[in-house]
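Enquirer: Sequence first, then the predicted structure, then my questions.
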There are 2 protein chains.
Amino acid sequence: MYAIGIDIGGTTIKVGLVDGGKIINSNRKPTASTPEEAVANIVLQIDALFEKYNLTVKDIVGIGIGCPGLISSEEGVVCHISTMKWHNFPIVSLLKKTYNTNIKVSNDANVAALGEAMFGAGEKFNNSIMLTLGTGVGGGIIIDNKIYAGAFSKGAELGHMVIRIGGEPCGCGRRGCLETYASATGLTRMTKSAMEQHPESEMWKFVDGDINKVDGRTSFECAKQGDAAANSVVDDFVMYLSEGIMNLANIFRPEAFIIGGGISAQGKYLTDKLTAYCEKYCYGYKNAPKSEIITATLGNDAGIIGAAALVI
Amino acid sequence: MYAIGIDIGGTTIKVGLVDGGKIINSNRKPTASTPEEAVANIVLQIDALFEKYNLTVKDIVGIGIGCPGLISSEEGVVCHISTMKWHNFPIVSLLKKTYNTNIKVSNDANVAALGEAMFGAGEKFNNSIMLTLGTGVGGGIIIDNKIYAGAFSKGAELGHMVIRIGGEPCGCGRRGCLETYASATGLTRMTKSAMEQHPESEMWKFVDGDINKVDGRTSFECAKQGDAAANSVVDDFVMYLSEGIMNLANIFRPEAFIIGGGISAQGKYLTDKLTAYCEKYCYGYKNAPKSEIITATLGNDAGIIGAAALVI
């Protein structure tokens, strides 16, 4: 059952031919500056895949699109992408002019969550929440194997949940959002701050004395070597992310939390710490079903596979 | 279309005959110490209503039950009520032995939210969230006119969302839950603390110099008279509740938040302040649909009406 998955990002648009949750082939082009140009590029990319595999639109079950920003899935419209200046762009109806098939669009974080839920780490669960830890914290909620994106598909902004009133300023205008602590950006900021307070820390050696080389790996790798300052940063990061996870557990009680993004490469080292913290504090844990905490398995393919999953 | 609504509380069990969202008649008995005795009492109460109105079980569409604690709606079981020592009690199957009709059970906060959504303040909305501010903060989520109670109906614990890491201790074991600030209990604590710091406050006169008389009304009534300390307490309370509301708005984007419990008697004085705070800070407010903030209208009837709404 072939489907096309499209992963629209800030710098590239990736288009893939997907079969049963596996990418058969994909190609990529730089993201065009106007949405009209982007659609023209997408058509070229789809046609190239069709030609290569001797397919027509009748051979696919549909086209799914994952896109950053505020999306109206019901209307098939990209409402707003702050970084790309796309506004109220009817991407689904425009693509339908070329391809007479089922076409759906959803937010990229939702799409990644659906991909993991159907074909990745969450395959055995019906209810899961994915948190993608990158520049921000992207959230995707899967209820009964479907994306729940909030009313009018304008919710599921899980990174913009304040966990520390009056805390770090967030791009959204509030202070203390989960995203300001539990993103790679937040982890990097906390790491740099700890390094400035601890000139003796091994973290300085890890980045060759250059604080600009600090990233989401620095504290984790040095904590594993026993560095005290690094360990303290990791403990704080685990605490913040766990508090966010428990807030969401008390609301959704998902069978699993799936951690995505670069930090998920820490695997069990990370999830064991998160699980220990949550088991200690989670409301009703003795009486409520437990949520497993696991890492994503699809990696960069989640965008294309998840987009295709919208129509599978 | 008659239905029976049952509102199980810590001290009384209320049973009502409901028609089209209105209570025709109701009666109450003290909550029995064992669940078996409670069911026997419920049967007596239902039979009394049937006799009074010359009805049989065939004249009703079903029986709905609202109950505190952790409920498995799917199985019809009251899993756990800490204050009443009910454990894994199959209330639905027991009542079915006497009444061959549709019988459903749900958590009391969910049931109140459904009542308000179908027959009260939320009647014109399909998606709403009710926050009942009492001893704690009860949460009820309505998605597409149905209760969303989390997977296994074990979620929707909206009061147990940490908004201030390391803040006030909560009965759930964590610190800084919304419930520790935005409940009547939290408001009362903050009011007392402000009074102790401000012996000149008019709040002292309002309670005849007796700090034990402080309740959720004290700060609000004195703030309206221009008392500075009271005003500051109200501002803090509005800030905490608004931060909780915005967290939930960013996840669910409901059309309305419905505020219930004693504090909702403050009406527009409260909701205008909440709305002003949220309009200032809510993520994506310019691009996302706005959530109205309103007060509940069913009052103490929400329990019976909402329970009946489970089967209407």
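Expert: Ah, there it is. Numbers count the residues shown, from 1 in each chain, chains lettered A, B, ... in the order given.
Enquirer: can you pull the buried residues of stretch A:116-124?
Expert: A:Glu116, A:Ala117, A:Met118, A:Phe119, A:Gly120, A:Ala121, A:Gly122 (16 or more other C-beta atoms under 10 Å in any protein chain shown). For every residue, glycine as well, the C-beta is placed using N, CA and C.
Enquirer: should've said stretch A:57-64
Expert: A:Ile60, A:Gly62, A:Ile63, A:Gly64.
Enquirer: Please tell me how far A:Leu241 sits from B:His160.
Expert: 17 Å (C-beta to C-beta, to the nearest Å).
Enquirer: Neighbour count for the two, which is higher?
Expert: A:Leu241 (29 against 25; other C-beta atoms under 10 Å in any protein chain shown).
Enquirer: following the helix or strand containing that one, which helix or strand comes up?
Expert: A:Leu241 is part of helix A:228-252 when elements are defined by DSSP states H and E. Moving toward the C-terminus from helix A:228-252, the next helix or strand (DSSP H and E) is strand A:256-260.
Enquirer: could I get that following strand in CSV with only the CA atoms?
Expert: The C-alpha trace of strand A:256-260 is given here as CSV (Å, rounded to 0.1, in the frame of the first residue of the first chain):
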residue,chain,number,x,y,z
ALA,A,256,3.9,5.5,26.7
PHE,A,257,5.9,8.7,26.4
ILE,A,258,8.2,8.7,23.4
ILE,A,259,11.2,11.0,23.6
GLY,A,260,12.5,12.2,20.3
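Enquirer: Just the angle for that strand relative to helix A:228-252, thanks.
Expert: Per axes from the mean of the first three to the mean of the last three C-alpha atoms, to 10 degrees, the angle that strand A:256-260 makes with helix A:228-252 is 140 degrees.
Enquirer: what are the pairing partners of strand A:256-260, and which direction each?
Expert: Counting by DSSP bridges, the strands paired with strand A:256-260 are strand A:128-133 (parallel), strand A:292-295 (parallel).
Enquirer: Out of those strands, which is closest to B:Ser82?
Expert: strand A:292-295 (25.4 Å; C-beta to C-beta).
Enquirer: Identify the residues contacting that closest one?
Expert: Applying C-beta atoms under 8 Å, 6 or more residues apart in numbering or on different chains, the contact partners of strand A:292-295 are A:121-122, A:125, A:245, A:255-260, A:264-267, A:270-271, A:274-275, A:278.
Enquirer: Can you select the buried ones among the residues you listed for me in PyMOL?
Expert: Burial among the contacts of strand A:292-295 is assessed by 16+ other C-beta under 10 Å; the matching PyMOL selection reads:
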select buried, chain A and resi 121+122+125+245+255+256+257+258+259+260+264+266+270+271+274+275+278
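Enquirer: about what we covered before: name the nearest of the buried residues of stretch A:57-64 relative to chain B.
Expert: Comparing the buried residues of stretch A:57-64 against chain B with C-beta to the nearest C-beta places A:Gly64 closest, at 22.1 Å.
Enquirer: Name the nearest residue to the closest one, ignoring sequence neighbours.
Expert: Once flanking residues are discounted, A:Gly64 sits nearest to A:Leu310: 3.3 Å by C-beta to C-beta, 6 or more residues apart in numbering or on different chains.
Enquirer: In the buried residues of stretch A:116-124, find the pair that's most separated.
Expert: Put simply, by C-beta to C-beta the two of the buried residues of stretch A:116-124 set farthest apart are A:Met118 and A:Ala121, 10.7 Å from each other.
Enquirer: so A:Lys52 touches A:Asn25, yeah?
Expert: Yes. If you go by C-beta atoms under 8 Å, A:Lys52 and A:Asn25 touch, sitting 6.6 Å apart.
Enquirer: so for the helix holding A:Leu241, what's the average pLDDT?
Expert: Averaging pLDDT along helix A:228-252 yields 97.
Enquirer: close to chain B, is it?
Expert: Yes. Using C-beta under 8 Å from any C-beta of the partner chain as the criterion, contacts between helix A:228-252 and chain B involve A:Met239, A:Tyr240, A:Glu243, A:Met246, A:Asn247, A:Ala249, A:Asn250, A:Ile251, A:Phe252.
Enquirer: can you pull the buried residues of that helix?
Expert: Buried residues in helix A:228-252, counting neighbours by 16+ other C-beta under 10 Å, are found at A:229-234, A:236-252.
Enquirer: With stretch A:95-109 instead?
Expert: Quick answer for stretch A:95-109 (16+ other C-beta under 10 Å): A:Leu95, A:Thr98, A:Tyr99, A:Thr101, A:Asn102, A:Ile103, A:Lys104, A:Val105, A:Ser106, A:Asn107, A:Asp108, A:Ala109.
Enquirer: Just give me how far that stretch sits from the chain centre.
Expert: Centroid separation for stretch A:95-109 versus its chain: 20 Å, with C-alpha atoms, centre = their mean, to the nearest Å.
Enquirer: got the end-to-end distance for it?
Expert: 22 Å (C-alpha to C-alpha, to the nearest Å).
Enquirer: Is there contact, residue-wise, from that stretch to chain B?
Expert: No. Taking C-beta under 8 Å from any C-beta as the criterion, stretch A:95-109 and chain B are apart, separated by no less than 11.7 Å.
Enquirer: hmm, who's touching that stretch?
Expert: So stretch A:95-109 is contacted by A:7-9, A:39, A:42-43, A:46, A:57, A:60-71, A:73, A:76-78, A:91-92, A:114, A:130, A:132, A:138-140, A:147, A:149, A:153, A:156, A:303, A:307, A:310-311 (C-beta under 8 Å, 6+ apart).
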